[in-house]
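Participant: Need a 3D model of the sequence below.
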Amino acid sequence: REMLRDGIISATVSQQPDVQGALPLQILYDLLVFGTAPQKDAFFTSLDIHILQNAQK
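Facilitator: Numbering: from 1, shown residues only. Prediction:
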């Protein structure tokens, strides 16, 4: 947000990196430790494009 406000960048793309990093490990852990398979075949994350006009203040 700071870089958007300062005009250093004009846009940024967010793909929920925390979810993309943690969810696969959690799925693998659940499968190996508990034998629990994922309930879905695919998991989707949100794709957000942030520009100055829609960045939170």
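
Participant: Report pLDDT for residue 50.
Facilitator: Note on residue 50: pLDDT of 89.

Participant: which ones are touching it?
Facilitator: When contacts are counted by Cβ atoms under 8 Å, 6 or more residues apart in numbering, residue 50 touches 1, 4, 11, 12, 13, 14. Where C-beta positions appear, they are placed from N, C-alpha and C, glycine not excepted.

Participant: Can you name the residues in contact with stretch 26-39?
Facilitator: Applying Cβ under 8 Å, 6+ apart, stretch 26-39 has no contact partners.

Participant: low pLDDT regions in this structure?
Facilitator: Low-confidence segments of the chain (pLDDT under 70): 56-57.

Participant: Pull out the buried members of the contacts of residue 50.
Facilitator: Buried members of the contacts of residue 50, scored by 16 or more other Cβ atoms under 10 Å, are residue 4.

Participant: List the buried residues in the lengthiest helix in the chain.
Facilitator: For the chain, the longest helix by residue count, based on DSSP state H, is helix 17-29. Across helix 17-29, burial judged by 16+ other Cβ under 10 Å covers residue 27.

Participant: Please save the CA atoms from that helix in PDB.
Facilitator: C-alpha atoms of helix 17-29 as PDB (Å, rounded to 0.1, in the frame of the first residue of the first chain):
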ATOM      1  CA  PRO A  17       0.600 -16.500  -0.700                       C
ATOM      2  CA  ASP A  18      -0.100 -17.500   2.900                       C
ATOM      3  CA  VAL A  19      -2.800 -19.900   1.800                       C
ATOM      4  CA  GLN A  20      -0.700 -21.200  -1.200                       C
ATOM      5  CA  GLY A  21       2.200 -21.900   1.100                       C
ATOM      6  CA  ALA A  22       0.300 -23.400   4.100                       C
ATOM      7  CA  LEU A  23      -2.600 -25.400   2.600                       C
ATOM      8  CA  PRO A  24      -0.500 -27.900   0.600                       C
ATOM      9  CA  LEU A  25       1.600 -28.700   3.700                       C
ATOM     10  CA  GLN A  26      -1.500 -29.000   5.900                       C
ATOM     11  CA  ILE A  27      -3.100 -31.400   3.300                       C
ATOM     12  CA  LEU A  28       0.100 -33.500   3.200                       C
ATOM     13  CA  TYR A  29       0.400 -33.600   7.000                       C
END
